[in-house]
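Participant: Compute the structure for the input listed below.
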Amino acid sequence: MSQANVENPENWIDRFLDTPVGKIPVIKDELTIRDKIGGTRARFGVSRMSYMVAPGLYAVGNPTSQSNVYLTANYKLTFDKVRKELTGMNCWLLVLDTKGINVWCAAAKGTFSTQEVVNRIEISRLKEVVEHRTIILPMLSAPGVAAFEVKRQSGFKVKFGPVRACDIREYNHLGYKATPEMRRVEFKLWDRTVLIPMQLVLYFPMALILAIIMILLSGLNTNGYSSGELVQSGARTGCFILAAYFSGNFITSMLLPWIPGRSFSLKGLQIGILLTLLGIYYFQGSLNSLESISWLILVPTLSSFFAMNYTGSTTFASLSGVKKEVATAGMLQLVGFILGFVLWIFSNFL
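Facilitator: The predicted model follows:
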């Protein structure tokens, strides 16, 4: 991993601890303003793919050879969340090279894997640092890690801890046993809200380019091209594209539990239809029938596409479910967009 792609360790390393394998960095137990600003930037997609820490073994507090060993991903937002919850504890934190991806997504993509766990144990010389042979992994890493293989190849027994880092202390207090609540994956309002900025930024260029193209094309009519038609029809076109953009990227996420159906694409489709009907009602005096039909296809299709892309960022759907939804809905969305766009072009000449 290139050092240019890793967060400066001076920002979150407090000191170094002498161990049988050399000096191990001791992590600061409090997040600084710099950490919080960096996390906010990553939420908005700024340098998101380079917001990571160097993989390796770190110390929290003053651990000994008998202290617990926790594993996590090297996505800095994940790393910060875990180290914040370990404040005041004496333990080891083994950070895997997940290519800057969070635990659940990394487990699904194969970077938080059995082999990476085994390799990182060997590279860090963990056997020389601790006398016990137990490591604690986040529950969301389970899809990518075969505990029996880790044991066979490295000699370390795997324990899967709680889903949320905030439950680590209680998990320890209960004798390293997770309650049903600690195993339950939730996707509450706040969990959905923090994903919205990234989603909006990610698809803004696409929505902007589409809006510009369609606004420019809205000046077409039976007499050729009209600047007057461009102004009148272009404003309406911009409103419908904007509705599709916010419908799939914002409204669907906010209302997710209350929208019928399970798949994100279907939920986005329904919100898109609702907003389109409201738009048609508002512009009813200036819309012809074919344009109304075209928007009734285009907006829900775009909304469905934007909403569907949340599936790869959440634990709301399984990996197999995500693949199935993308394969099925993706083709229908492509057909729907082409059909709606062609009908919209023809509507300009009526």
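Participant: Just confirm Ser124 contacts Tyr58, I think it does.
Facilitator: No. Applying C-beta atoms under 8 Å as the test, Ser124 and Tyr58 come out as separate, 9.6 Å apart. C-beta: built from backbone N, CA, C; applies to glycine.
Participant: Those two: who's more crowded?
Facilitator: Neighbour totals were compared for Ser124 and Tyr58, and Tyr58 leads with 27 against 20 (other C-beta atoms under 10 Å).
Participant: neighbours of the residue nearest to the more buried one when sequence neighbours are not counted, just the number please.
Facilitator: Among residues not flanking Tyr58 along the chain, Leu93 sits closest, at 4.6 Å (C-beta to C-beta, 6 or more residues apart in numbering). Leu93 has 22 neighbours, counted by other C-beta under 10 Å.
Participant: Contacts only, for Leu93.
Facilitator: 27, 57-60, 69-72, 82-83, 86 (C-beta atoms under 8 Å, 6 or more residues apart in numbering).
Participant: one more time with 10 Å, if that's ok
Facilitator: 25, 27, 56-60, 63, 68-72, 79, 82-83, 86 (C-beta atoms under 10 Å, 6 or more residues apart in numbering).
Participant: How about Ser233?
Facilitator: Ser233 is in contact with 214-215, 217-221, 226, 283, 286-287, 291, 347-348, counting by C-beta under 10 Å, 6+ apart.
Participant: which residues in the stretch 151-300 of the chain form strands?
Facilitator: 157-160, 220-221, 224-225 (DSSP state E, counting those that start in this stretch).
Participant: Compile those into CSV and extend it with columns for mean neighbour count, mean pLDDT and distance to Phe305.
Facilitator: Output for those, formatted as CSV (neighbours: other C-beta atoms under 10 Å; pLDDT from 0 to 100; distance: least, C-beta to C-beta, whole Å):
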stretch, mean neighbour count, mean pLDDT, distance to Phe305
strand 157-160, 17, 97, 35
strand 220-221, 16, 89, 25
strand 224-225, 9, 90, 30
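Participant: Can you lay out those strands as CSV showing distance to Phe148?
Facilitator: CSV is the format used below for the strands of the stretch 151-300 of the chain (distance: least, C-beta to C-beta, whole Å):
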stretch, distance to Phe148
strand 157-160, 8
strand 220-221, 65
strand 224-225, 69
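Participant: Compare these and report which one is nearest to Ala243.
Facilitator: In terms of C-beta to C-beta, the element of those nearest to Ala243 is strand 220-221, at 21.8 Å.
Participant: re earlier: write a ChimeraX command that selects only the buried members of the contacts of Ser233.
Facilitator: Burial among the contacts of Ser233 is assessed by 16 or more other C-beta atoms under 10 Å; the matching ChimeraX selection reads:
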select :214,215,217,218,219,220,226,283,287,291,347,348
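Participant: Mind checking which of the contacts of Ser233 land in helices?
Facilitator: In this view, those that belong to helices under DSSP state H are 214-215, 217, 291, 347.
Participant: any chance of those in a markdown table, with pLDDT and distance to Ala106 too?
Facilitator: Supplementary listing: the ones in helices among the contacts of Ser233 in a markdown table, determined by pLDDT from 0 to 100; distance: C-beta to C-beta, whole Å:
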| residue | pLDDT | distance to Ala106 |
| --- | --- | --- |
| Met214 | 96 | 38 |
| Ile215 | 95 | 40 |
| Leu217 | 95 | 42 |
| Glu291 | 96 | 45 |
| Ser347 | 94 | 46 |
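Participant: Going by distance to Ala165, which of those wins?
Facilitator: Met214 (44.6 Å).
Participant: Can you pull out the low-pLDDT segments for this structure?
Facilitator: 1-10, 312-322 (pLDDT under 70).
Participant: picking up where we left off before, for the ones in helices among the contacts of Ser233, could you give me TSV that also reports distance to Cys105?
Facilitator: Conversion of these to TSV gives the following (distance: C-beta to C-beta, whole Å):
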residue	distance to Cys105
Met214	33
Ile215	36
Leu217	38
Glu291	40
Ser347	41
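Participant: Of those, which is the nearest to Phe306?
Facilitator: Met214 (16.2 Å).
Participant: My understanding was that that closest one contacts Ile241; is that so?
Facilitator: Yes. Between Met214 and Ile241 there is a contact under C-beta atoms under 10 Å: 6.6 Å.
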